[in-house]
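Peer 1: Give me a 3D structure for the following:
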Amino acid sequence: MANPDAKTINIKIKEKNATKAADMSNAISQEFLKFDVLRSREATDRILEFIDTTLYRVNNDLSESEMNLERFKSNNRIITPELLASDLSDKMSQLELRLTDYTLNLLAISELKKTIESEKKVDEKMLSLTGIYKTDEIKDVLSNLNILLDKREQALIMVTDKAEYVQMLSGRIQRQKDYLLQSVAYEENGIKQKKAELESQYRKLNSNYLGIPEQQTEFERLQRIFNVNEKFYSLLLEKKAEFSITRAGYVSKNIILEAARPAPAPYYPNKSLILSSCIMVGFVASFLLIFIKYLFYNQIGSLEEIAQYTDAPLLGIVPRYKREIPISQLLVDKSPKSVIAEAFRSIRTNLQFINNDDKPQLMALTSTISGEGKTFNAINLAGVISFSGKKVIILDLDMRKPKIHLGFNVENNRGMSTILIGKDTIENCINHKCTRKS
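Peer 2: The predicted model follows:
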């Protein structure tokens, strides 16, 4: 609903093909107008159906009465009978015309009662056939009944007939129907009483024909039956023509304010909006990623960072080895010209400047947790020192997860644990590993 106050509807269709979307929107709007016209014609169509049914029956009666009249003329050789009791005949003709109207009214009331008892809307035009005096009260009841039927029809599109709201509407509809049926029954009884009075008058007038010759009386009786059927048939034809003209004049109460046209550019997706949104999201995400990495960054990237927080002398830095480390973990002999081998030689040189005595020197390598490179650095530092012609002993003091023996491919059956408990001597626990000189 584009504007509830103005009761305007905006039809939108998302489709890859713009022309197809426009055609579908226009087709929906046109079908809506056609449906509106069909809804407006429903009551008139029911009246025309009733008139057609009655016309068929009256036409049979008219044909039968005409045949009876012609047969009577032929059998009795009556061509131009003398008119007798013209005054009574005129009065009876007037009564017959009124009785015809009441008969039509009663038939229309019967059809109206069927319509009220059904689930169909009741049009005020139906009342014009019944001859019921349309009081304001009956108009209000009829209007309320049609409104409630529309509401229930719209509600049944969204929910089932078991829903509480639909049940409430059904109750109100039934009350309106009962009241309308009572009003129609009251008017029907009035029409029946009037018809009974006219029939009584007609019988009295008809009794006056007892003195008329039998042939003349029978002829006038057949003539009256024929006239009644003819007038009734003509009246129905007039009503049919009247309602057919009314039906043809129905137009939709809605209009199309603007026809759908193919969009010159895609309405969705909005490439500019998506591109700017992606750029903005990427910028924010990158900023957040950098900020989070900055908050959780706990690595040392250069010697200057170490020197900033400690007074201990720095002997060198060993770069991260990016390729797979061999099982022996000794790289200085396999890649003597690599960057990592040069780093270990730089540390060896710096150690000589710290203490260049010929006495045995002791060094310890440790770290806070496992996997930080103690074994790797110990093996390669020992190897680069041994390449300088010095003897080196590596003591693996990791009692929980020792790995030094894996680097030299020796067994770990004895070592510091057996020395500490007195099972072995130091000499028996030393594994000699021959290395080549650099």
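
Peer 1: Would you check how far apart residue 220 and residue 166 are?
Peer 2: From residue 220 across to residue 166, the span is 60 Å (Cβ to Cβ, to the nearest Å). The way it works is simple: take the backbone N, C-alpha and C, and place the C-beta from them, glycine included.

Peer 1: The two - which one has more neighbours?
Peer 2: residue 220 (20 against 17; other Cβ atoms under 10 Å).

Peer 1: Point out where this protein drops to low pLDDT.
Peer 2: Applying pLDDT under 70 to the chain flags residues 1-6, 73, 76-88, 119-137, 208-217, 268, 322, 324-328, 433-438.

Peer 1: So this protein: which segments form each domain?
Peer 2: 18-248, 316-429 (automatic domain parsing).

Peer 1: Could I get the ones you listed in a markdown table, plus columns for distance to residue 309?
Peer 2: Putting the domains of the chain into a markdown table (distance: least, Cβ to Cβ, whole Å) gives the following:
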| stretch | distance to residue 309 |
| --- | --- |
| domain 18-248 | 66 |
| domain 316-429 | 15 |
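
Peer 1: any chance you could map the helices in the protein?
Peer 2: Assigned by DSSP state H, the helices in the chain fall at 18-76, 86-117, 124-130, 136-158, 164-207, 214-248, 271-296, 303-309, 339-354, 374-387, 404-407, 416-420, 426-429.

Peer 1: To residue 365, which of these lies closest?
Peer 2: helix 374-387 (5.0 Å; Cβ to Cβ).

Peer 1: From residue 151, how far off is the residue nearest the centre of the chain?
Peer 2: Residue closest to the mean C-alpha point of the chain, counted by Cα atoms, centre = their mean, is residue 158 at 11.9 Å. Counting by Cβ to Cβ, the gap from residue 158 to residue 151 is 12 Å.

Peer 1: one step back: out of the domains of the chain, nearest to residue 12?
Peer 2: domain 18-248 (7.6 Å).

Peer 1: distance between the ends of that closest one?
Peer 2: End-to-end distance of domain 18-248 (Cα to Cα, to the nearest Å): 36 Å.

Peer 1: Please compute how far it lies from its chain's middle.
Peer 2: Relative to its parent chain, domain 18-248 has a centroid offset of 45 Å by Cα atoms, centre = their mean, to the nearest Å.

Peer 1: and residue 341, how many residues sit next to it?
Peer 2: Residues near residue 341, counting by other Cβ under 10 Å: 20.

Peer 1: Leaving out the residues flanking it, which one is nearest to it?
Peer 2: Nearest non-adjacent residue to residue 341, counting by Cβ to Cβ, 6 or more residues apart in numbering: residue 332, 4.5 Å away.

Peer 1: Can you name the residues that contact that neighbour?
Peer 2: By Cβ atoms under 8 Å, 6 or more residues apart in numbering, the contact list for residue 332 reads 340-341, 344-345, 380, 383-384, 387.

Peer 1: ok, now how distant is it from residue 314?
Peer 2: 20 Å.

Peer 1: Over to residue 90?
Peer 2: 140 Å.

Peer 1: and what of residue 36?
Peer 2: Relative to residue 314, and taking Cβ to Cβ, residue 36 is found at 91 Å.

Peer 1: burial measure for residue 232, as a count.
Peer 2: For residue 232, using other Cβ under 10 Å, the count is 24.

Peer 1: My guess is it contacts residue 58. True?
Peer 2: Yes: contact criterion Cβ atoms under 8 Å: residue 232 and residue 58 qualify, at 5.2 Å.

Peer 1: hey, what's in contact with both of the two?
Peer 2: By Cβ under 8 Å, 6+ apart, no residue touches both residue 232 and residue 58.

Peer 1: follow-up on the earlier one: so residue 36 and residue 314 - more neighbours on which side?
Peer 2: residue 36 (15 against 12).

Peer 1: With adjacent residues omitted, what lies nearest to that one?
Peer 2: residue 252 (4.3 Å).

Peer 1: burial count for the one you found?
Peer 2: When counting by other Cβ under 10 Å, one arrives at 16 neighbours for residue 252.

Peer 1: Against residue 261, how distant is it?
Peer 2: Distance from residue 252 to residue 261, by Cβ to Cβ: 22 Å.

Peer 1: And residue 202, by the same measure?
Peer 2: Taking Cβ to Cβ, one finds residue 202 at 70 Å from residue 261.

Peer 1: ditto for residue 24
Peer 2: 13 Å.

Peer 1: In contact with residue 251, which residues?
Peer 2: Contacts of residue 251 by Cβ under 8 Å, 6+ apart are residue 37.

Peer 1: For it, what are phi and psi?
Peer 2: phi -130, psi 160 (degrees, to the nearest 10).

Peer 1: Would you check how far apart it and residue 37 are?
Peer 2: 7 Å.

Peer 1: and what of residue 96?
Peer 2: 40 Å.

Peer 1: The two: who's more crowded?
Peer 2: Set residue 96 next to residue 37 and count neighbours by other Cβ under 10 Å: residue 96 wins out with 18 against 14.

Peer 1: Correct me if wrong: the more buried one contacts residue 202.
Peer 2: Yes: assessed by Cβ under 8 Å, residue 96 is found in contact with residue 202 at 7.3 Å.

Peer 1: list the contacts for the nearest residue to residue 378 once chain neighbours are set aside?
Peer 2: Nearest non-adjacent residue to residue 378, counting by Cβ to Cβ, 6+ apart: residue 365, 5.0 Å away. With contacts defined as Cβ under 8 Å, 6+ apart, the neighbours of residue 365 are 374, 377-378, 381.
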